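# mind folding the following:
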Amino acid sequence: MPTDQLSTTFAALADPTRRAILARLTRGEATVNELAEPFEVSLQAVSKHLKVLEQAGLISRGRTKQWRPCRLEAGPLADVAGWVAEYRRFWESGFDRLDEHLRQLREGTE
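Next comes the predicted model:
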C-alpha cells in the first residue's frame, strides 16, 4: 500500500531523536559524527535515523571527498505547515465564536 508524502513526513517526525537532528541542521550542514555527538546511541543508530529522514525528503546528503554533510530540506515541512494551517483556521474560528460569546456575557452583566 503506497504511503502519501505527508504520512511519511509525520512518521519521520514522530521520533524525538530525528526531530533533534532536524533542529541541529537548522544551524547548517553537519556530518554524521557531529549529529551523533549529543546522543547516547551508536553511529549506526544515528545513520538509521538519517536514512528515515532522507527517505522522507527532510534531509539530503552531499559528498565532498570523504566528507558527507547532511543538510535540511524544508519542502516536506512546508507541506506539514500547509496541512496544519487548514486546522488553524478551524481553531481560530472557534476562538472567535468564544470571544463573541464572552463579550455577550459581559455585556449582559453590566
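
# this protein: strands as residue ranges?
Assigned by DSSP state E, the chain shows strands spanning 59-61, 70-72.

# the last one packs against which elements?
Pointing back at strand 70-72 there. Judged by 3 or more CB pairs under 8 Å, 6 or more residues apart in numbering; DSSP states H and E, the packing partners of strand 70-72 are helix 16-25, strand 59-61. Just so you know, the C-beta spots here come from the backbone N, C-alpha and C atoms, and that holds for glycine as well.

# including mean neighbour count and mean pLDDT, could the ones you listed go into JSON lines?
JSON lines is the format used below for the helices and strands packed on strand 70-72 (neighbours: other CB atoms under 10 Å; pLDDT from 0 to 100):
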{"stretch": "helix 16-25", "mean neighbour count": "16", "mean pLDDT": "97"}
{"stretch": "strand 59-61", "mean neighbour count": "18", "mean pLDDT": "95"}
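
# tell me which of the ones you listed sits nearest to residue 92.
Minimum separation from residue 92 across those (CB to CB) falls at helix 16-25, 25.7 Å.

# quick one on the thing from earlier: and the strands of the chain as a markdown table, adding distance to residue 107?
Putting those into a markdown table (distance: least, CB to CB, whole Å) gives the following:
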| stretch | distance to residue 107 |
| --- | --- |
| strand 59-61 | 54 |
| strand 70-72 | 50 |
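
# the helices and strands packed on strand 70-72: which one's closest to residue 108?
Closest to residue 108 of the helices and strands packed on strand 70-72 is helix 16-25 (CB to CB; 46.5 Å).

# who's in contact with that closest one?
12-13, 30, 34-35, 38-39, 41, 46, 49-50, 52-53, 58-59, 70-72 (CB atoms under 8 Å, 6 or more residues apart in numbering).

# could you rerun that using 6 Å?
With contacts defined as CB atoms under 6 Å, 6 or more residues apart in numbering, helix 16-25 is touched by 12, 35, 49, 53, 72.
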